[in-house]
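Trainee: next comes the sequence, and after it the predicted model I'd like to discuss.
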Amino acid sequence: MARVLVTGCAGFIGSHLTDTLLGRGDTVVGVDNFDPFYSPRLKRAFLEGALGKGNFMLVEGDILDEPLMRRTFSDFRPEVVAHLAARAGVRDSIENPELYTRVNVEATALLLRLSVEFEVKKFVFASTSAVYGARDSIPFREDDPCETPASPYGATKRGAEVLCYTFHHLYKLPIVVLRFFTVYGPRQRPDMAVHKFTRQILRGQPVTMYGDGSSGRDYTYIDDIIEGVLAAIDRDLGGFVVINLGTDRATRLRDLISVIEETLGMRAKIQQLPDQPGDVPITCASIERARRLLGYEPKVPLEEGVRRFVEWYFENKELLDRET
Ligand code: NAD
């Protein structure tokens, strides 16, 4: 059992990680500022289960607030830091590049510095397939060059990865960088494809499809991602390692829309819009390293994952109708 500091604990992936850690008996301090990128009331709802548990404590505040972060490290003395808090929108990052740099890079530097000072045993950083930029040779391998991200979001995450390496180099802080590939499932962010398309179809609105529908994404179900994160926390992986978490399969956007249509038993009215700046034609993860180092094996196929998402959507429809 470990003491884990989870940043971004109220978000999509952070709230699942928090629930799973608490469920297996770890102690969690969660940090989140309930950032308004999407409804803070949704995030509060995601955290409801955790807030009732004796092994959970919430620190409501900004990861850029140095005194607050110092107090949190000093009071709680985490063994593991799982750093998931971020601004995570590709398109939004084009409008707000300085904000993305502050939250995704500057705050990561602060958390790394405090992790060294308070002798954290492992720092797990949530990175992204967006660091690979636009390329068509798949699958993406961890050692591929990542010097040409297509959005400020990807650039800031790449910057934070490089900082992670430097902190490991200088201080021997053990660090695992996990590159998540398009995560979906219950609690998914409302701006992301599966969630957005489901909402648009159910409301009879046009489904906004950017490009001709041929772009491909490696959609990864949340439970598979959480298994990978837990293995990264638990296993001794040495000093510094970068690991993709995806499925090694790309699904075309128009095929994703078909899966959602079939699951809902409804037809989408598709509105085709031009390609968006910052978007890339395809993502697809090589998961050989994750298999070897983490024993990772994605289990949930897209059809089943979308079915579970839609089930969650209907269970929470009143809240989602109000907040999205
Ligand atoms: P999310 O927006 O649901 O969660 C991020 C959380 O961080 C939110 O609850 C937000 O309130 C919090 N936060 C933002 N700025 C903060 C600040 N300054 N101080 C404290 N808290 C702050 O996003 P998510 O989809 O759960 O993503 C979690 C992590 O995984 C992010 O680092 C993201 O870049 C990464 N990631 C996500 C995906 C995906 O498909 N969802 C893919 C690749 C990488």
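Mentor: Structure's in. What do you need?

Trainee: and the strands in the stretch 201-324 of the chain?
Mentor: 207-210, 216-217, 220-221, 240-245, 251-252, 270-273 (DSSP state E, counting those that start in this stretch).

Trainee: export those strands as TSV, with columns for distance to Phe123.
Mentor: Bear in mind the C-beta positions are built from the backbone N, C-alpha and C, glycine included. Output for the strands of the stretch 201-324 of the chain, formatted as TSV (distance: least, Cβ to Cβ, whole Å):
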stretch	distance to Phe123
strand 207-210	35
strand 216-217	28
strand 220-221	22
strand 240-245	10
strand 251-252	32
strand 270-273	39
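
Trainee: tell me the most buried of those?
Mentor: Neighbour counts (mean count of other Cβ atoms under 10 Å) averaged over each of the strands of the stretch 201-324 of the chain peak at strand 220-221, with a mean of 26.

Trainee: so which bits of the stretch 1-150 of the chain are right by the ligand?
Mentor: 8, 10-14, 31-35, 37, 43, 62-64, 84-88, 103, 107, 126, 128 (Cβ under 6 Å from any ligand atom).

Trainee: which of those residues fall in strands?
Mentor: Val31, Asp32, Ala126, Thr128 (DSSP state E).

Trainee: now for the third one: which residues touch it?
Mentor: In other words, Ala126. Ala126 makes contacts with Gly8, Ile13, Ala82, His83, Leu84, Ala86, Leu178, Phe180, as judged by Cβ atoms under 8 Å, 6 or more residues apart in numbering.

Trainee: ok, 7 Å please
Mentor: Ile13, His83, Leu84, Ala86, Leu178, Phe180 (Cβ atoms under 7 Å, 6 or more residues apart in numbering).

Trainee: please name the bridge partners of it.
Mentor: Ala126 has the following beta-bridge partners by DSSP bridges: Leu178.

Trainee: buried among the residues of the stretch 1-150 of the chain next to the ligand? Make that a PyMOL selection.
Mentor: Burial among those is assessed by 16 or more other Cβ atoms under 10 Å; the matching PyMOL selection reads:
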select buried, resi 8+10+11+12+13+14+31+32+33+34+35+37+43+62+63+84+85+86+87+88+103+107+126+128
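
Trainee: which residue does the chain bring closest to the ligand?
Mentor: Across the chain, the shortest distance to the ligand (Cβ to the nearest ligand atom) belongs to Gly11, at 2.0 Å.

Trainee: mind jotting down where the helices sit in the stretch 1-150 of the chain?
Mentor: Secondary structure of the stretch 1-150 of the chain (DSSP state H, counting those that start in this stretch): helices at 12-23, 40-46, 48-51, 66-76, 90-95, 97-101, 107-117.
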